[in-house]
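Engineer: return a 3D structure for these sequence lines:
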Amino acid sequence: MRSPRTTPIASLRTIALLGLLLPIACGTGEDSTQPATHAEAKAADDGRPASAHEAEAEAADGASAGPANADGGEAAEGEAADAGAGDEVAHANGGADTSALLVPPPAESLTMHGLAAYEVVTIYAKPNLASTKLGYLRFGHRTMVTPKIADEGEGCPKGWHQLPAGGHACASKGLTVEADKEPYMYHPPPRPRIEEPMPYDYGAIARDGTETWWRPATAAERQLAAEKFALLQEEAAAAAAAAAGLPPPPPKAKPAPKPKAGDGAAAGDDGGGGEPLPGVDDPPPEPAAPPSPEELAELARKAEEERLRQEEERKARLEQMSKLPLHPEHPFLERGFTITTALKVNDQGRTWWRTSRGGYLDAAKVYKKPPPKVAEVGVVLPETSGFPFGFAGDDKTPVFQRNEDGKLQRKGSLAYRTFVDGVEELEIDGKTYLRTADDTYVRASDLRLAVPQTPPQDLGGIDRWVDVDLSQQLLVAYEGERPVFTTLVSTGRKGTKEEPFDTPTGTFRIVTKHISSSMDGNTASDGNYSIQDVPWAMFFHGNYALHGAFWHAGFGGRRSHGCINLAVTDARWLFWWVGPELPEGWHGAAAHDGSPGSVVVVRAG
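Structural biologist: The predicted structure follows:
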């Protein structure tokens, strides 16, 4: 676990990074996005796609920021939300008419070529920005769409286009459309690998101040960005000192310029240039005459000219910095932050990583993350399977077999998290055992044992529901009363009164789900953290989610900041099994009457 950064870096993150994309503590926080009209104007001015916050600010409608929370792991542990990943649909539909169903258009009407040119392109039930938000497309996704449909509301002057699965996207809000060819995109990122446990490859930031660019940067731009980061560090350090009632720290001294070749004043040059050094027997020099009033006035005039010149130069540099093609919300990343390494490209004489969200990072400042140590724990239960079942509680869980005398005799041990499918539960010598199909016995007290649960009363027409036992760190997926899948999870670890990390208990319903959702935050115990594109996120209560975790292997133990962590293979299985349905090509979807979310029951034990 990474310890909190120094105050200047931590403050700098608050000032300059603004999260990846919005730092919200688990279960807290309000969306503070800006109007999309401002975003579009800004994007048009600097020739880059609007960011998720900018492009989709209108989707939040002033509601609480949606999906959140990833527990940090190797770089840090913790959980928080990326409201910019289309997550705003989690809460934006509150109070809206959710009766609209997805109605696919006729196949022959899909004659136009569409491209998601923003990080997020929201999908609406109707060609109206005030209608229900059903989901979103991710940056770089291509699809056929219908010809232009007139705006039934306000804010989409370029018109709407219907998607193959139904729903409508606005051409003024990130959907680029061409009639006779696919719209052009420079270095299009690859699609997520939805058939694999890890939808993307990942990398970690190797040094503080690593830039996120909208395009490969020139050498001059990289130098200017380094100056900007140093300036932000100084401002953050000064702000931290002021908050502590201390004077601002002195600015770091700039290195002296190296002497030019042939300069006679250079150290060690005895070529005769300059005045000779005085000897020990030379008389002391005559004291200099005090400057005259005219000379003092001339010195003051030159000093003011130099000050004005430096001020103008500073303003010009700041103006240049403001026009750098850096991501407006996370221009500089901290060491240890995790990004997607979707595509490697060579440009401007350097190698770059193109992220799934369209950014470029200097490959020399990123190192690849290895595959997860534990990618799968869970078991899909056959139709003939039932209770009892569970998982081995430690690495030396004893296994017994009856000897010739009918007494139990130890025959070996099970590894931690080994699945045990019992045929029956019985008591032997005052202890409860599970007997397996191969006639071995395991003590029930040595297992994370599943306990049959009664289905919730209101499943809302969908009999698939999820039960999470916090005491056992055990998840069971049910179809009605029949268990169909089980796995070990990691839920909220012990926090403090000021910073609780408890996973909420109760009966909930999945509100949105996302192939991936970026999560970050800042906690007193773990410092700053950011993980781009956490896989298979299913949000069930405010900022709490079930999601895959590739950065730790602690499934079966409390570890998170409140979310329910699963191994990535288990998370992927659950993602495609629970409601709401995710139409083909969509990156995220919100539950509505036509596609309700599955019930999630979280209980203490």
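Engineer: which helices and strands sit right next to the lengthiest strand in the chain?
Structural biologist: The strand that spans the most residues within the chain, counting by DSSP state E, is strand 527-541. For strand 527-541, the packing partners by 3 or more CB pairs under 8 Å, 6 or more residues apart in numbering; DSSP states H and E come out as helix 7-12, strand 338-340, strand 506-509, strand 512-523, strand 544-548, helix 568-577. Just so you know, the C-beta spots here come from the backbone N, C-alpha and C atoms, and that holds for glycine as well.
Engineer: can you rerun that using 6 Å?
Structural biologist: strand 338-340, strand 512-523, strand 544-548, helix 568-577 (3 or more CB pairs under 6 Å, 6 or more residues apart in numbering; DSSP states H and E).
Engineer: closest to Thr418 out of the ones you listed?
Structural biologist: Comparison of the helices and strands packed on strand 527-541 against Thr418 by CB to CB identifies helix 568-577 as nearest, at 15.1 Å.
Engineer: tell me the helix or strand right after the closest one.
Structural biologist: Remark: after helix 568-577, the chain's next helix or strand is strand 588-590, criterion DSSP states H and E.
Engineer: could you measure from Arg558 over to Thr507?
Structural biologist: Separation of Arg558 from Thr507 (CB to CB, to the nearest Å): 21 Å.
Engineer: likewise for Pro372?
Structural biologist: Counting by CB to CB - Pro372 and Thr507 are separated by 31 Å.
Engineer: same thing with Gly209?
Structural biologist: Between Gly209 and Thr507 the distance is 46 Å, computed by CB to CB.
Engineer: what helix or strand does the residue nearest to Ala589 when sequence neighbours are not counted sit in?
Structural biologist: Closest residue to Ala589 apart from its sequence neighbours, by CB to CB, 6 or more residues apart in numbering: Gly135 at 3.8 Å. Element membership of Gly135, judged by DSSP H and E, is strand 133-138.
Engineer: so which of Gly209 and Thr507 has more stuff around it?
Structural biologist: Set side by side, Gly209 and Thr507 show more neighbours around Gly209, with 21 against 15, by other CB atoms under 10 Å.
Engineer: and the residue nearest to that one when sequence neighbours are not counted, how many residues sit next to it?
Structural biologist: Leaving aside its chain neighbours, Gly209 sits nearest to Phe229 (4.2 Å; criterion: CB to CB, 6+ apart). By other CB under 10 Å, 20 other residues sit near Phe229.
Engineer: Phe229 against Phe332, yeah?
Structural biologist: Yes: under the criterion of CB atoms under 6 Å, Phe229 makes contact with Phe332 at 5.3 Å.
Engineer: please report the distance of the spatially most central residue of the chain from Glu329.
Structural biologist: Nearest to the mean C-alpha position of the chain, by CA atoms, centre = their mean, lies Ser518 at 1.8 Å. To Glu329, Ser518 is 11 Å away according to CB to CB.
Engineer: what do these two both touch?
Structural biologist: Common neighbours of Ser518 and Glu329 are not found (criterion: CB atoms under 6 Å, 6 or more residues apart in numbering).
Engineer: run the chain-centre distance for the helix ranked longest in the chain.
Structural biologist: In the chain, with assignment by DSSP state H, the single longest helix is helix 293-322. Distance of helix 293-322 from its chain centroid, counting by CA atoms, centre = their mean, to the nearest Å, is 44 Å.
Engineer: show me what that helix is packed against.
Structural biologist: In terms of contacts (3+ CB pairs under 6 Å, 6+ apart), helix 293-322 is packed against helix 219-243.
Engineer: what stretches of the stretch 151-300 of the chain score poorly on pLDDT?
Structural biologist: Across the stretch 151-300 of the chain, the ranges flagged by pLDDT under 70 are 253-275.
Engineer: let me fix that, I meant to ask about the chain.
Structural biologist: Residues of the chain that meet the criterion pLDDT under 70 lie in 1-100, 253-275, 524-525.
Engineer: what domains does the record give for it?
Structural biologist: Following the assignment in automatic domain parsing, the chain carries domains at 40-62+83-200, 388-448.
Engineer: how about those domains in a markdown table, adding distance to Ala537 and mean neighbour count?
Structural biologist: Below are the domains of the chain laid out as a markdown table (distance: least, CB to CB, whole Å; neighbours: other CB atoms under 10 Å):
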| stretch | distance to Ala537 | mean neighbour count |
| --- | --- | --- |
| domain 40-62+83-200 | 8 | 20 |
| domain 388-448 | 23 | 15 |
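Engineer: against Trp576, how distant is the residue nearest to Gly579 when sequence neighbours are not counted?
Structural biologist: The shortest distance from Gly579 to any residue other than its chain neighbours is 4.7 Å, reached at Ser598 (CB to CB, 6+ apart). Per CB to CB, Ser598 is found 12 Å from Trp576.
Engineer: higher neighbour count, the two?
Structural biologist: Neighbours per residue, other CB under 10 Å: of Ser598 and Trp576, the larger number sits with Ser598, 25 against 11.
Engineer: wait, the more buried one touches Trp577, no?
Structural biologist: No: contact status for Ser598 versus Trp577: not in contact, 8.1 Å apart, counting by CB under 6 Å.
Engineer: what angle separates the longest strand of the chain from strand 133-138?
Structural biologist: Angle of strand 527-541 versus strand 133-138, following axes from the mean of the first three to the mean of the last three CA atoms, to 10 degrees, is 140 degrees.
Engineer: quick one: distance of strand 527-541 to the chain centre.
Structural biologist: 5 Å.
Engineer: next, the angle strand 512-523 makes with that strand.
Structural biologist: 150 degrees.
Engineer: angle of strand 527-541 against helix 568-577?
Structural biologist: Angle, strand 527-541 to helix 568-577, by the same axes, to 10 degrees: 30 degrees.
Engineer: dump strand 527-541 to PDB, restricted to CA.
Structural biologist: Taking Å, rounded to 0.1, in the frame of the first residue of the first chain, the C-alpha atoms of strand 527-541 are listed here in PDB:
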ATOM      1  CA  GLY A 527      -3.500   9.000   0.200                       C
ATOM      2  CA  ASN A 528      -4.300   9.500  -3.500                       C
ATOM      3  CA  TYR A 529      -5.200   6.700  -5.800                       C
ATOM      4  CA  SER A 530      -6.600   6.400  -9.300                       C
ATOM      5  CA  ILE A 531      -7.400   3.300 -11.400                       C
ATOM      6  CA  GLN A 532      -8.600   3.800 -14.900                       C
ATOM      7  CA  ASP A 533     -11.200   1.400 -16.200                       C
ATOM      8  CA  VAL A 534     -11.900  -0.900 -13.300                       C
ATOM      9  CA  PRO A 535     -13.600  -3.900 -15.000                       C
ATOM     10  CA  TRP A 536     -17.100  -5.200 -14.700                       C
ATOM     11  CA  ALA A 537     -18.600  -2.500 -12.400                       C
ATOM     12  CA  MET A 538     -22.200  -3.100 -11.200                       C
ATOM     13  CA  PHE A 539     -23.500  -0.200  -9.000                       C
ATOM     14  CA  PHE A 540     -26.200  -1.100  -6.500                       C
ATOM     15  CA  HIS A 541     -26.400   1.700  -3.900                       C
END
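Engineer: so what's the closest residue to Lys158 other than its chain neighbours up against?
Structural biologist: Closest residue to Lys158 apart from its sequence neighbours, by CB to CB, 6+ apart: Ala171 at 3.7 Å. The contact partners of Ala171, taken as CB under 6 Å, 6+ apart, are 158-159, 177.
Engineer: Leu381 now?
Structural biologist: Residues in contact with Leu381 (CB under 6 Å, 6+ apart) are 483-484.
Engineer: now it: how far from Phe485?
Structural biologist: With distances taken as CB to CB, Leu381 is found 6 Å from Phe485.
Engineer: and what of Pro106?
Structural biologist: Distance, Pro106 to Phe485, by CB to CB: 38 Å.
Engineer: residue ranges of the strands in the stretch 151-300 of the chain, please?
Structural biologist: With strands called from DSSP state E, counting those that start in this stretch, the stretch 151-300 of the chain shows them at 160-162, 168-170, 175-178, 202-205, 210-211.
Engineer: let me have those strands in TSV, adding distance to Ala545 as columns.
Structural biologist: Listed next are those as TSV, based on distance: least, CB to CB, whole Å:
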stretch	distance to Ala545
strand 160-162	30
strand 168-170	25
strand 175-178	27
strand 202-205	18
strand 210-211	27
